[in-house]
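Q: I'll drop the sequence and a predicted model, then ask my questions.
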Amino acid sequence: MYWTGFTPDEAREILVNKDKSKRDKRMELAEAIDIFVKDGYNIGIAGFVNSRQPVAAIHEIIRQGKKDLTLSFQSAGLAVEYLAGAMALDPTRCSIKRLEFAYWAHESFGISPLFRYLAESGKVELEDWSNFNMSARFKAGAMGIPFIPCRSPLGSDVMQANRSKIMECPFTGDPVALLPAAHPHVAVIHVQEADIYGNCKIKGPLFTCPEIAMAAGYTILTCERIVDHERIINDPNRVNIPFFAVDAVVEVPFGAYPGNCHSHYYFDERHIKELQAAGEAFRKGDRKPLENYYTHYIYEVKNTAEFLSKIPYKQLQHIQQIEIRDFRLIHSVSRSDNGANAKSPAMLHRQLSSGR
Amino acid sequence: MYWTGFTPDEAREILVNKDKSKRDKRMELAEAIDIFVKDGYNIGIAGFVNSRQPVAAIHEIIRQGKKDLTLSFQSAGLAVEYLAGAMALDPTRCSIKRLEFAYWAHESFGISPLFRYLAESGKVELEDWSNFNMSARFKAGAMGIPFIPCRSPLGSDVMQANRSKIMECPFTGDPVALLPAAHPHVAVIHVQEADIYGNCKIKGPLFTCPEIAMAAGYTILTCERIVDHERIINDPNRVNIPFFAVDAVVEVPFGAYPGNCHSHYYFDERHIKELQAAGEAFRKGDRKPLENYYTHYIYEVKNTAEFLSKIPYKQLQHIQQIEIRDFRLIHSVSRSDNGANAKSPAMLHRQLSSGR
Amino acid sequence: MEILDTYADDFSPQEMIVVAGARLLENNKVVFAGTGLPMVAITLAQLTHAPGIIPVFEAGAVGPRLTRGLPLSVGDSRTTSKAMYLQGLNSAFELAQRGFCDYGFIGGAEIDVYGNLNSTMIGDFPALYQSPKVRLPGSGGASDMAASCERTIIIMVHEKRRFKEKLSYLTSPGFLDGSPGARKRAGLVGKGPYRVITTRAVLGFDNETRRMKLLATMPGETVQSVQENTGFDLLVDDNVYQFEPPSREEIRLVRDEIDPEGYFIKKIIK
Amino acid sequence: MEILDTYADDFSPQEMIVVAGARLLENNKVVFAGTGLPMVAITLAQLTHAPGIIPVFEAGAVGPRLTRGLPLSVGDSRTTSKAMYLQGLNSAFELAQRGFCDYGFIGGAEIDVYGNLNSTMIGDFPALYQSPKVRLPGSGGASDMAASCERTIIIMVHEKRRFKEKLSYLTSPGFLDGSPGARKRAGLVGKGPYRVITTRAVLGFDNETRRMKLLATMPGETVQSVQENTGFDLLVDDNVYQFEPPSREEIRLVRDEIDPEGYFIKKIIK
């Protein structure tokens, strides 16, 4: 068995020797990436598909030109797409070596042209898992156990493509899959609110963010806003990641843009499609649109604020409004929203005999 | 390997065949115990030592005279003490057959005389685990896996006293302990707030309550108060047990009395000591005080409301006030409560060379 | 009971799939929904005969009602509206692994006669795993739902190249090799695939052989046309029937209320 | 530096233990605290030289400051005041298992020369496990802390019958049989026991043999009196010294502020 991040023993030693005190961990994004992200590292990428992905941190990783990265995640879209594009344009500047993952695409926004490009040309090592597998691997890491039992990927070809093992359960006699813990060298995570110590509160689905933070050797936390410590601990049951699992706290409003950040902004479809189209053009042989995209939005800007200043303000305002004002209500649902007692048209109420 | 609750396959089948709809599950406590608690059952006892233990539900189990129970818990005090007392007085009326547990005593209120009586006279089967072991066993049950790896109880005699097994980790080569999942037939849990469907919100430490609820075949939830569904789902990230893991919802104010229920009431020391003293007298040969206690507080009353009406109102008010008004502040801490920056007397600040 | 003007005049194969998916869902069941058409079908079911359906989304939301609009992702903000429980991926999949999820509602790029799915790669596996002919997005949560939900409902585009004798790669287990007890022997639980809903048919599985069986043809299709577009021999149910077309109201809900922007259901250009 | 009237005139052995425990705790470390005297010692440390100590209580609270009064249980409401993270037992023990907890602060009924503890039973194990001579409350979380915290600090009443050559039952692992690498071989992590604080002494462990070693005697005790009250041979440190008595301020904090009701620290009747 080989370990692609820290081994369980190494991951523990790092924590044992770490200053775990409650101290101000605020820093600039560039500084955090410079200190904690090294060439050859295994990076745990938080978020899920295009929601709450650590996009700002990834842009900075691209600007700093980190190489030979292993990316560990369950399902990702934008964060990995940006890294893939940087590698596609110039692999000597920024590169992915290996993927441990379950899904790379954009759901309703389509497949990932740059993943297809990298994978089909054999430019990255692949290790396929399922969403539960990767989430459970991070969970095992967070729990301090070297592996975790799981039902999936039993019966599938995934078992031939990755490091999981089958054992006979000593209690039931049935086969069970064992997944090795994942301890990325560093985790990059974007959340809504954190205090200066790193205690943070996640709104909406947690994805696998707490587990990734606890499993990783080091954790960079970007957040929409830094809030008072007292506000965070007002309801300690709602703190999702404790301060001592965090090494850097960076306030980055719109840090998941153009993705979705629950309670702050919805997807910027227009911008995501712009990136997608540039990637698709690249896959078909025209590198110009992707070069232009990277020059304009990533390499020519110093930080996220400068990136955002290139986006029309109305577009930013629009995605905040969709998110906050809920204006795309499904009216029938809203009207009849009485849970199990909702009334619906009588005709449709009848038991449809067909198809049963 | 033998299973003392449901086997993993049985536990799954029960859920598969259960009506998991969102429906009104309110019932009387006596009805809930009658339907879901059977002689010979393995009961998952929630709470921790004397905090948020399901005391009211246990009183009703005693009144209904359930027998040959297996009790599964990490650390318990009052709930199990009450069952032990009932068995000590008349084992044909109510009895414990077996314990799977980590700790049975009352912390600052002392040891458990009735546990000593039952254990030292060989009247109950013992299976010792640690707090983490029992919590992890419930967690494995909740996760739907047949076992979970854990570091403890490696190296200890606990391994000879229970069903854990050691295996060589196929990834690290190091020994690791495997704990079998626990699936109690029924869980009894007391929380602060629930809606009529069973969605509930726990305040303060969660103990192992969510895991026990999800692991058990059936779950009886008592709560301080039933609140509006809209209030519970106002912050769905704060829902600790989802409705479909709950079979009965019973509103029982003071349902953990004389124990502590976070945000509602602190311990009633006086009453706990009354029970303790009666138990201690029993262990030393005088059964009268314990008989009187049970007659007066449990057998002669119909329900929790009648039990509470035998407690002086001032005592109930007192424990609410301690809990809610925080009047026993430690003043030095409060004064200097600036976290790591707190100032303390210079003399004591110096590095004490002795003892290092 | 039915009158002819109940039915919609025009509808796309995708719309037919969504309507069929919705109709298959029983009220008050827990349905673990994959992205795309399953989300549309669940919403349609909630709006029609099954308001009590409890959706579970893998990113963490349990029991939402999609009052904020159709989610564009199983992890986006819209999945959380009126949710009753909201944790993360581990929590959602653990619910399924524990037995809380009656149905998993998934798709794939390829399917075989035993309902196994491929959503990983097209090409020679394992030889060319590291440089496949076509690289697909990967399992996501589909294989987890297939492994742990009590039953699965599968949605497919019905083309011969997708209904294959042999998959390039088995991502999501169905009845595996179809032998008796194959799932149990592999360590899986649950009863396996229940229905396959396609652009041409509704299919089930034979109880004895676990091979795919044609139950109903979609409007405009015949037993023969379905078989011609399938890369393996289909069993045909004795009572094979024409599936009831979408009603006007079903189509109206899909087009006007659920997916007015056409994220998942492409508009028909008239 | 020190002036004589710094010291308290009278103090109980329990108070001495608590003061010694507090002094051993470094500022800004994460300390997993068992019930009773460890809670008092941590609170005293927070009030004196180590305001940045981060307590972890097994029932779920991380980093509280005990402004609501001394908890009577590691799971009661008072453990949650100003907590920064608050889940449950699994979460707390997983933090320790992962490596977040620098110290575990535990006790036991019996201890052996290698710092192994018994808190389960007195009697013949395994023969009489099901009807022990004396049944103790059980491990609780002590064996978990001993297995997973980086180091443990042990608090004991120092009596010959408790410092034993051979334990009735090994509940919480110390250095096991004392052989080199015994903990690692058993699958444990962490460096094992660090200090034993008793009513008579402060003890550590020899680096070579991992046997218990007398480091300091409590006020009123001598090397000989400590050995006489120990059921095995103690190593004695070359620089063995008299432990500094409690200061007036330390005793005042314990009696007046931390445990005025005497829940864990019995009052001295003057």
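A: In hand now; what should we look at?
Q: Please list the residues of the stretch 151-270 of chain C that sit near chain B.
A: residue C:189 (CB under 8 Å from any CB of the partner chain). Yep, even glycine has a C-beta here, placed from its N, CA and C like the rest.
Q: Break down the stretch 151-270 of chain C into its helices, ranges please.
A: Counting by DSSP state H, counting those that start in this stretch, one finds helices in the stretch 151-270 of chain C at the ranges C:182-186, C:223-228, C:248-252.
Q: where does the stretch 1-150 of chain A dip in pLDDT?
A: Counting by pLDDT under 70, the ranges of the stretch 1-150 of chain A that qualify are A:1.
Q: Chain B contacts on that one?
A: Going by CB under 8 Å from any CB, the residues of the stretch 1-150 of chain A near chain B are A:1, A:7-9, A:21-23, A:144-150.
Q: buried subset of those?
A: A:7-9, A:21-22, A:144-150 (16 or more other CB atoms under 10 Å in any protein chain shown).
Q: Out of those, which sit inside helices?
A: Taking DSSP state H, the ones among those that sit in helices are A:8-9.
Q: Mean pLDDT and mean neighbour count added to the helices of the stretch 151-270 of chain C, as JSON lines?
A: Formatted as JSON lines, these follow (pLDDT from 0 to 100; neighbours: other CB atoms under 10 Å in any protein chain shown):
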{"stretch": "helix C:182-186", "mean pLDDT": "97", "mean neighbour count": "18"}
{"stretch": "helix C:223-228", "mean pLDDT": "98", "mean neighbour count": "15"}
{"stretch": "helix C:248-252", "mean pLDDT": "95", "mean neighbour count": "19"}
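Q: For chain D, which of those is the nearest?
A: When the helices of the stretch 151-270 of chain C are compared by CB to the nearest CB, helix C:182-186 sits nearest chain D, at 29.1 Å.
Q: For that closest one, which helices and strands make contact with it?
A: For helix C:182-186, there is no helix or strand it packs on, judged by 3 or more CB pairs under 8 Å, 6 or more residues apart in numbering or on different chains; DSSP states H and E.
Q: hmm, back to that, same list (the helices of the stretch 151-270 of chain C) but as a markdown table, adding distance to residue D:128.
A: Output for the helices of the stretch 151-270 of chain C, formatted as a markdown table (distance: least, CB to CB, whole Å):
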| stretch | distance to residue D:128 |
| --- | --- |
| helix C:182-186 | 43 |
| helix C:223-228 | 73 |
| helix C:248-252 | 72 |
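Q: hang on, the earlier thing: near chain D too, which of the buried ones among the residues of the stretch 1-150 of chain A next to chain B?
A: Contacts with chain D within these, counted by CB under 8 Å from any CB: A:9, A:21-22, A:144-145.
Q: restrict the residues of the stretch 1-150 of chain A next to chain B to contacts with chain C.
A: Answer for the residues of the stretch 1-150 of chain A next to chain B near chain C (CB under 8 Å from any CB): residue A:150.
Q: can you tell me which of the ones next to chain D among the buried ones among the residues of the stretch 1-150 of chain A next to chain B lies nearest to residue D:237?
A: residue A:21 (30.2 Å; CB to CB).
Q: ok, back up a step: take the ones next to chain D among the buried ones among the residues of the stretch 1-150 of chain A next to chain B and keep only those in strands.
A: Using DSSP state E, no member of these sits in strands.
Q: Give the phi and psi angles for residue A:272, as a check.
A: phi -60, psi -40 (degrees, to the nearest 10).
Q: mind checking how far it is from chain D?
A: 35 Å (CB to the nearest CB, to the nearest Å).
Q: Quick one: residues contacting that residue.
A: Going by CB atoms under 8 Å, 6 or more residues apart in numbering or on different chains, residue A:272 touches A:50, A:78, A:106, A:109, A:258-259.
Q: before we move on, what about residue A:280?
A: Neighbour list for residue A:280: residue A:113 [criterion: CB under 8 Å, 6+ apart].
Q: Next, see if the helix or strand that contains residue A:80 gets close to chain C.
A: Using DSSP states H and E, residue A:80 maps to helix A:78-89. No - Helix A:78-89 stays clear of chain C (CB under 8 Å from any CB), getting no nearer than 11.3 Å.
Q: any idea how far chain D is from residue A:68?
A: Taking CB to the nearest CB, one finds residue A:68 at 27 Å from chain D.
Q: my guess is that residue contacts residue A:95, does it?
A: Yes - with contacts counted by CB atoms under 8 Å, residue A:68 reaches residue A:95, the gap being 5.9 Å.
Q: When the two are compared, which one has more neighbours?
A: Neighbours per residue, other CB atoms under 10 Å in any protein chain shown: of residue A:68 and residue A:95, the larger number sits with residue A:95, 21 against 14.
Q: about what we covered before: how about residues contacting the following helix or strand past the helix holding residue A:80?
A: Per DSSP H and E, helix A:78-89 leads on to strand A:96-101 as the next helix or strand towards the C-terminus. Outside of strand A:96-101, the residues within contact range by CB under 8 Å, 6+ apart are A:4, A:40, A:42, A:68-76, A:80, A:83-84, A:87, A:118, A:124-129, A:134, A:162, A:182, C:138.
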